[in-house]
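1. Here is a sequence with its predicted model. Questions after.
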Amino acid sequence: MWRKVGPAARVATGIAIAVLFILPLVWMITGSLRPTGLPPARTIEWWPSDPQLSNYAEIFDLLPMGRYIRNSLFVVVVAVPATLFTAALAGFGLSQLRQPWQQRLLIYTVILLMIPAPAVWLFRYQILSWLGLLSSLWALILPAFAAGSPLLVLLFYWTFRRTPASFFEAARVEGADAWTSWRRIAMPMARPTTAAVIVLAFALFWNDFTNPVLYLYRPDTYTLPVGIQILKQVDSTNWPLLLAGATLITLPMVFLFLVLQRQFLHDDALSELLDRG
Amino acid sequence: MFRSYDGQLRLFLLPFLLGTAVLIVAPAVLTIGLAFTKYNSINTPTWVGLENFQNLLASPLARLSVRNSLLFLFMAVPLRLVGAVAIALLLSRPGRIYGPLRAGVYLPTIIPEGAYALIWLWILNPLYGPLNAVLGLLGLPTPDWLIQPGTAQLSFVLMSLFTIGEGIIVALVGLRTIPGVLYEAARVDGAGRWQAFWRITLPVLTPWLLLLTFRDLVVVLQNTFTPSFVMTYGGPYYATTFAPLLLFELAFDMFDFGGAAAFMVIMYVLTALLVVGIVNLVGLNQDADVA
């Protein structure tokens, strides 16, 4: 149906839609550069007349940003590698398992995907309280040791399933154990998936707002997404300040995504994702 | 040797299986038991039978919250699905330009929820926000968005339409599984593009779309928690009190864990009914080759 409108119109539509989707980010950044106290613009303002970074400096004066940044960094530095490691191993195990266990565990993993997050809030709170982990950053990190999200295990499973079985057979004949096969054969062939999982795992822990709200009670354990909300209590109509806060927590995530997205969103990677060996 | 290889595989799966059993399955299942007790997270739970359910059914707020949630799902899920498929169709072509465009439409999906809520609080500001500035420029009505109950719910739907990156990727991957030969054959038979879409693209995508729909029913509702917590705290007039926020209030504000668990069970049942309804509607005759 797109051939009729021609390739140029197709590209133009694509660009228009992409611009629309980037608009919230653009408005966040331009809004954050507006000097405070200036009367609000009456029309749409694409770039502030006198852009300033003073709002960012003010956030560091108002909030214990050093502590929030340290907490957030600690969580991702521990949780992202742990997630990648457990998810990749589980995905590999799943792809190499014999029937009927492979089928059974696949169904288990898909069911996990369908359990709504709020369903675990109440008892996870209990479990964390029994373990003495309430108001500890480990309350946020704990899921990383269970692969972070079942989706990440499935991503690795789909990837490893497409690696020709003969590769692993050959390695096994030569005496390689499962660990060596995973490290030397499976992982080097799973670069796009690894990049995607790093982005998704970082998003899971860096962006996390709900779990800190549920399980962190002491302000000195707050991570950036919760900490930044305090700006709303300080000055709820100071839009440039709030948007500067939003920008601060968004930029590292966007940066990582832009660096790694080529690995899994460009053409070769997408078709590689689908090549059935 | 063989045995040790398989033993190692089981070892690889152990953290994932054990961790999810303790952190996801056990909590989700035990919540069902908790629904029949009175429990404040400190004292021992006491059995109260169906009392929690009776209280919830009698509570106008619980009923309103279920209604809000279902209304939201009926608006957001189909729109997100159509949007994801349309964008995937548009951007599935190979070509240098499409990679960056795919990254562009994925971007809102990775914005931290807490930041995303603040951004939309600004975008939807009725007086100074950029959305009403654009609408005003075009001579369109400029609603009060988060201040009126009806438009507040629409605002939440609007916000949810930008975070469909996961759906777009799944649809893109699904599209790539369609062999080009099918389209060739259709063209030889004189089928138009539109016909090819209905006869080939959509049937092949169906299992992927079903998986996506079920996942979206769960995800899109739980994702209302942060915006309703940050932007409106359930208001105005409880219009944005969706199920996750009410669950949070019951459990962590009023420490009525039993009531919260019962509310969760009601949401489980409603979601299951929706899933069964959709399966009946579409018919699951193709075997889902997704997993």
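-> In hand now; what should we look at?
2. How much space separates residue B:281 from chain A?
-> Distance, residue B:281 to chain A, using CB to the nearest CB, to the nearest Å: 18 Å. Placement of C-beta: from N, CA and C, glycine included.
3. per-residue confidence at that residue?
-> Confidence at residue B:281, expressed as pLDDT, is 83.
4. Wait, a strand at it?
-> No: counting by DSSP: H, G, I helix; E, B strand; the rest coil, residue B:281 is not part of a strand but helix.
5. Tell me how many other residues crowd it.
-> 7 (other CB atoms under 10 Å in any protein chain shown).
6. Residue of the stretch 51-200 of chain A closest to chain B, please.
-> The minimum distance from the stretch 51-200 of chain A to chain B, using CB to the nearest CB, falls at residue A:146 (2.3 Å).
7. Next, count neighbours for that residue.
-> Neighbours of residue A:146 (other CB under 10 Å): 25.
8. again with residue B:235
-> Neighbour tally, residue B:235, other CB under 10 Å: 15.
9. Next up, the contacts around it.
-> B:152, B:241 (CB atoms under 8 Å, 6 or more residues apart in numbering or on different chains).
10. Surely it is in a helix?
-> No: counting by three-state DSSP, residue B:235 is not found in a helix; it is coil.
11. any idea how far it is from residue A:231?
-> According to CB to CB, to the nearest Å, residue B:235 and residue A:231 sit 20 Å apart.
12. for residue B:193, same thing?
-> For residue B:193, the distance to residue A:231 - CB to CB - is 51 Å.
13. just checking, residue B:121 touches residue A:242?
-> Yes: with contact defined as CB atoms under 8 Å, residue B:121 counts as touching residue A:242 (7.4 Å).
14. These two - which one has more neighbours?
-> residue A:242 (27 against 23).
15. Helix or strand for the more buried one, just tell me which one.
-> Element membership of residue A:242, judged by DSSP states H and E, is helix A:239-265.
16. Hmm, residue B:25 and the residue of the stretch 51-200 of chain A closest to chain B touching each other?
-> No: Residue A:146 lies out of contact with residue B:25 (CB under 8 Å); the separation is 10.5 Å.
17. sorry, back to before: of residue B:193 and residue A:231, who's got more company?
-> Neighbour totals were compared for residue B:193 and residue A:231, and residue A:231 leads with 21 against 14 (other CB under 10 Å).
18. Which residue is the nearest non-sequential neighbour of residue 234?
-> Here I'm looking at chain A. residue A:62 (5.9 Å; CB to CB, 6 or more residues apart in numbering or on different chains).
19. switch to chain B, that's the one I care about
-> Closest to residue B:234 by CB to CB, 6+ apart is residue B:241, at 3.7 Å.
20. Looks to me like that neighbour is in a strand.
-> No: using three-state DSSP, the assignment for residue B:241 is coil, not a strand.
21. tell me the phi and psi of it?
-> Torsion angles at residue B:241 (phi, psi; degrees, to the nearest 10) stand at phi -80, psi 90.
22. who are the neighbours in contact with it?
-> With CB under 8 Å, 6+ apart, residue B:241 has these contacts: B:61, B:64, B:65, B:68, B:228, B:234, B:235.
23. tell me which of those residues is nearest to residue A:220?
-> Nearest to residue A:220 among the contacts of residue B:241 is residue B:228, at 27.0 Å by CB to CB.
24. Check what pLDDT the closest one gets.
-> 94.
25. next one: stretch B:9-17 to chain centre, how far?
-> 29 Å (CA atoms, centre = their mean, to the nearest Å).
26. buried ones in it?
-> Going by neighbour count (16 or more other CB atoms under 10 Å in any protein chain shown), the buried part of stretch B:9-17 is B:9, B:12, B:13, B:15, B:16, B:17.
27. Could you work out the most separated pair of these?
-> The widest separation within these (CB to CB) is 13.0 Å, between B:9 and B:15.
28. any weak-confidence spans in the stretch 101-250 of chain B?
-> Applying pLDDT under 70 to the stretch 101-250 of chain B picks out no residues at all.
29. Just the mean pLDDT for stretch B:8-26, thanks.
-> Here stretch B:8-26 scores 93 as its mean pLDDT.
30. How about residues contacting that stretch?
-> Contacts for stretch B:8-26 (CB under 8 Å, 6+ apart): A:86-87, A:89-90, A:92-94, A:96-97, A:105, A:108, A:112, A:115, A:120, A:123-124, A:127, A:142-143, A:145-147, A:150, A:153, A:177-179, A:182.
31. Can you check the pLDDT for residue 268?
-> Because you didn't say which chain, this covers chain A. 61.
32. my bad, the chain I had in mind was chain B
-> 91.
33. Packing partners of the host helix or strand of it?
-> For residue B:268, the host element (DSSP H and E) is helix B:257-282. Other elements packing on helix B:257-282 under the criterion 3 or more CB pairs under 8 Å, 6 or more residues apart in numbering or on different chains; DSSP states H and E are helix A:118-130, helix B:26-34, strand B:37-38, helix B:51-58, helix B:60-91, helix B:202-222, helix B:243-248.
34. want to throw the ones you listed into TSV with mean neighbour count and distance to residue A:203?
-> As requested, the helices and strands packed on helix B:257-282 are exported to TSV (neighbours: other CB atoms under 10 Å in any protein chain shown; distance: least, CB to CB, whole Å):
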stretch	mean neighbour count	distance to residue A:203
helix A:118-130	21	19
helix B:26-34	18	23
strand B:37-38	18	36
helix B:51-58	16	34
helix B:60-91	18	18
helix B:202-222	19	13
helix B:243-248	24	19
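35. List just the one of those that sits closest to residue B:140.
-> Of the helices and strands packed on helix B:257-282, the one closest to residue B:140 (CB to CB) turns out to be helix B:60-91, at 19.4 Å.
36. helix, strand or coil for the closest residue to chain A within the stretch 1-150 of chain B?
-> Closest residue of the stretch 1-150 of chain B to chain A, CB to the nearest CB: residue B:19 (2.3 Å). The three-state assignment at residue B:19 reads helix, by three-state DSSP.
37. What's the separation between it and residue A:144?
-> In terms of CB to CB, residue B:19 sits 9 Å off from residue A:144.
38. Show me the common contact partners of the two, please.
-> With CB under 8 Å, 6+ apart as the test, residue B:19 and residue A:144 both reach residue A:86.
39. Looking at those two, which is more packed in?
-> Using other CB under 10 Å, the more surrounded residue of residue B:19 and residue A:144 is residue A:144, with 27 against 19.
40. What score does the more buried one have for pLDDT?
-> For residue A:144, pLDDT reads 95.
41. That one contacts residue A:77, doesn't it?
-> No: at 10.8 Å, residue A:144 does not count as touching residue A:77 under the criterion of CB under 8 Å.
42. any idea how far the helix holding residue A:242 is from the chain center?
-> Relative to where its chain is centred, helix A:239-265 has its mean C-alpha point 11 Å off (CA atoms, centre = their mean).
43. what's that helix packed up against?
-> Helix A:239-265 is packed against helix A:6-32, helix A:54-62, helix A:191-206, helix A:224-227, helix A:230-234, helix A:267-272, helix B:98-110, helix B:113-123, with contacts defined by 3+ CB pairs under 8 Å, 6+ apart.
44. at 7 Å instead, please
-> Here helix A:239-265 touches helix A:6-32, helix A:54-62, helix A:191-206, helix A:230-234, helix B:98-110, helix B:113-123, going by 3 or more CB pairs under 7 Å, 6 or more residues apart in numbering or on different chains; DSSP states H and E.
45. top helix in chain A by residue count?
-> helix A:65-96 (DSSP state H).
46. tell me the angle it makes with helix A:191-206.
-> 140 degrees (axes from the mean of the first three to the mean of the last three CA atoms, to 10 degrees).
47. Show me which positions of the helix or strand just after helix A:65-96 end up buried.
-> Later in the chain than helix A:65-96, the nearest helix or strand by DSSP H and E is helix A:101-114. Neighbour-count burial for helix A:101-114 flags A:102, A:105, A:106, A:108, A:109, A:110, A:112, A:113, A:114 (criterion: 16+ other CB under 10 Å).
48. Student question: in chain A, what's the helix or strand with minimum average pLDDT?
-> Every helix and strand of chain A was ranked by mean pLDDT, DSSP states H and E. The lowest is helix A:267-272, at a mean of 60.
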